[in-house]
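Enquirer: sharing a model that was predicted from the sequence below.
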Amino acid sequence: MKRFFYFIPLLLLSCAIMAKNNGNPQKFKHSERSFAAFDTERLARLDTVFQDLVRKGEIPHAVTFVAHRGNIVHFKAFGWRDKEKNIPCQRDDIFRMASQTKAITATGVLMLMEEGKILLDDPVKKYIPEFAHPQVLVSFNEKDSTYTTRPANKDITIRHLLTHTSGISYGTDSNNPMMKIFAKKGIPPLNSLDPVTLKEVVKKLASCPLEHDPGERFTYGMSVDVLGYLIEVVSKMPVDQYFKEKIFQPLGMNDTYFYVPKEKQNRMVTLYQKVQGKPLQPSSSVLYQTFPYSGAQTLFSTGAGLSGTIEDYAKFCQMILNKGEFNGKRILGRKTVELMCRNQVGDLRGEIGFGLAFDDFRPQYLHLTMASEGSLRWGGMFGTDYLIDPKEDLILLFYINWQTDNSVPDVKVLFHNLVYQALK
């Protein structure tokens with residue numbers, strides 16, 4: 001009888017905790033129940049396929065992470081951290097995440113909105129005056145990189161930046177005049193080894209023409225780097241410190257950095273390159289190979305600068321799936337996450353939608369994917385990828401670091417298919 005009375009307070013405490021967190025998982029765990037929704041024999045195809053791709057030299061490495069209702073279903077490493085030194089890839093290896101940085105930045109901006117410090121439809125010039133009087137590119141002279149402009153028909157807003165409809169592009173496409181314009185202005189391509197700062201880069205961006213009027217088209221580019229500087233201006237904190245204090249530490253993301261500390265650099269995977277008809281080899285790009293641990297380390301690229309482990313980013317994904325909370329910490333309000341996940345761009349991206357941070361799998365897109373309607377997805381230029389499926393209560397992450405041409409298989413879609421085909 002005494003045991004029964006001792007049990008009641010524990011039961012009530014457990015119920016109170018569950019009620020506080022709306023029953024959402026606050027930690028990842030291994031449980032036999034994790035596999036109740038999966039056919040384990042079919043799930044084992046993940047191992048077979050990726051081991052075979054490594055064996056054939058098709059991919060250098062991969063780490064997978066699948067969690068269903070917070071229970072880890074698949075978490076494995078394949079291949080080599082450093083093939084040339086015969087160092088195996090481990091589950092806690094650190095990868096260049098590139099554009100997966102963007103959703104972290106968007107979260108930081110939305111936290112400022114929740115604090116009443118900004119509105120999403122505020123003009124950016126209110127916080128960064130250099131963006132007053134934006135100009136749109138009209139003509140470009142290939143011979144001397146001069147150009148003509150006209151005034152934009154509206155100001156750039158914070159929402160335009162979040163949705164990549166500001167008209168700010170990337171200067172990385174050799175067929176785009178912006179590459180020469182950015183180069184002439186000294187704007188680095190994504191990352192830098194030089195002693196430049198985010199503030200300096202954003203102010204140079206503000207002096208460049210837009211590709212189109214704000215809100216007119218979806219143009220992927222450096223809009224989110226502008227948002228990083230906006231965070232610094234409004235919060236009065238360096239953006240790396242803001243991310244650490246407001247997002248990484250509360251979620252327990254202890255292996256995510258703009259610049260990897262010396263004691264963890266040995267866990268950084270080698271960046272490889274794979275082109276048709278040639279074997280895998282380390283990337284020849286000194287910038288992309290070394291920026292996470294070398295150079296001046298002064299540019300906090302909030303569009304493409306973070307490196308980290310797959311489990312760290314899984315915590316962020318689970319926070320989104322939990323409508324704003326994980327690890328017993330609320331990062332965003334439930335309604336803010338709902339807003340974040342709604343399509344904000346209409347048909348500007350064709351069949352797929354885009355919210356305030358990632359793809360929105362709307363009905364028009366479902367014939368191209370096994371994922372559910374309302375799923376959210378993004379990734380990075382070096383191959384990392386994540387998908388959040390609220391209907392299945394599922395997160396899927398796939399990490400690889402390589403540069404490829406179109407001759408290689410789309411391993412992220414391959415990964416998605418292998419996970420979804422195993423669901424009962």
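Expert: Structure received.

Enquirer: please count neighbours and contacts with C-alpha atoms only from this point.
Expert: Will do.

Enquirer: now do the contacts for the residue most central in space within the chain.
Expert: Note on the chain: the residue nearest the mean C-alpha position is Q100, at 1.5 Å, using CA atoms, centre = their mean. Neighbouring residues of Q100 by CA atoms under 8 Å, 6 or more residues apart in numbering: 303-304, 306, 378-380, 384-385.

Enquirer: ok, so of those, who is nearest I59?
Expert: Proximity to I59 was ranked across these by CA to CA; first place goes to T384, at 13.0 Å.

Enquirer: per-residue confidence at the closest one?
Expert: Listed pLDDT for T384 reads 98.

Enquirer: phi first, then psi, for the closest residue to it other than its chain neighbours.
Expert: Taking CA to CA, 6 or more residues apart in numbering as the measure, T384 lies nearest to Y399, with 4.3 Å between them; neighbours along the chain are not counted. According to degrees, to the nearest 10, the main-chain angles of Y399 amount to phi -120, psi 130.

Enquirer: spell out the secondary structure type for D255.
Expert: coil (DSSP: H, G, I helix; E, B strand; the rest coil).

Enquirer: can you report how many residues lie near it?
Expert: Look at D255: counted by other CA atoms under 10 Å, it has 19 neighbours.

Enquirer: next one: L356
Expert: L356 has 25 neighbours, counted by other CA under 10 Å.

Enquirer: most neighbours among the contacts of Q100, which one is it?
Expert: When neighbours are counted as other CA under 10 Å, the busiest of these turns out to be G303, with 26 neighbours.

Enquirer: any idea whether that residue is helix, strand or coil?
Expert: G303 is classified as coil under three-state DSSP.

Enquirer: just the contacts of Q100: which are in strands?
Expert: 306, 378-379, 385 (DSSP state E).

Enquirer: any stretches of the stretch 251-400 of the chain with poor pLDDT?
Expert: Low-confidence segments of the stretch 251-400 of the chain, defined by pLDDT under 70, are absent.

Enquirer: where do the strands sit along it?
Expert: All strands of the stretch 251-400 of the chain, identified by DSSP state E, counting those that start in this stretch, fall at 272-274, 281-282, 306-308, 325-326, 329-330, 353-354, 359-360, 376-379, 385-389, 394-399.

Enquirer: does T336 touch G108 like I think?
Expert: No: distance between T336 and G108: 11.9 Å, which falls outside the contact criterion (CA atoms under 8 Å).

Enquirer: between those two, which one's more packed in?
Expert: Comparing T336 with G108 by neighbour count (other CA under 10 Å), the higher total belongs to G108, at 22 against 16.

Enquirer: hmm, who's touching the one helix or strand K199 maps to?
Expert: In this assignment (DSSP states H and E), K199 forms part of helix 198-206. When contacts are taken as CA under 8 Å, 6+ apart, the neighbours of helix 198-206 outside the stretch itself are 130-131, 134, 182, 185-188, 225-226, 228-229, 299-301.

Enquirer: could I get the CA-only coordinates of stretch 67-74 as CSV?
Expert: Output for stretch 67-74, consisting of C-alpha atoms alone and laid out as CSV, is shown next (Å, rounded to 0.1, in the frame of the first residue of the first chain):
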residue,chain,number,x,y,z
ALA,A,67,13.7,9.9,-35.5
HIS,A,68,10.0,9.1,-35.1
ARG,A,69,8.1,10.8,-32.2
GLY,A,70,11.5,11.6,-30.7
ASN,A,71,12.7,7.9,-30.8
ILE,A,72,15.8,7.3,-32.8
VAL,A,73,15.1,4.9,-35.6
HIS,A,74,18.3,5.1,-37.6
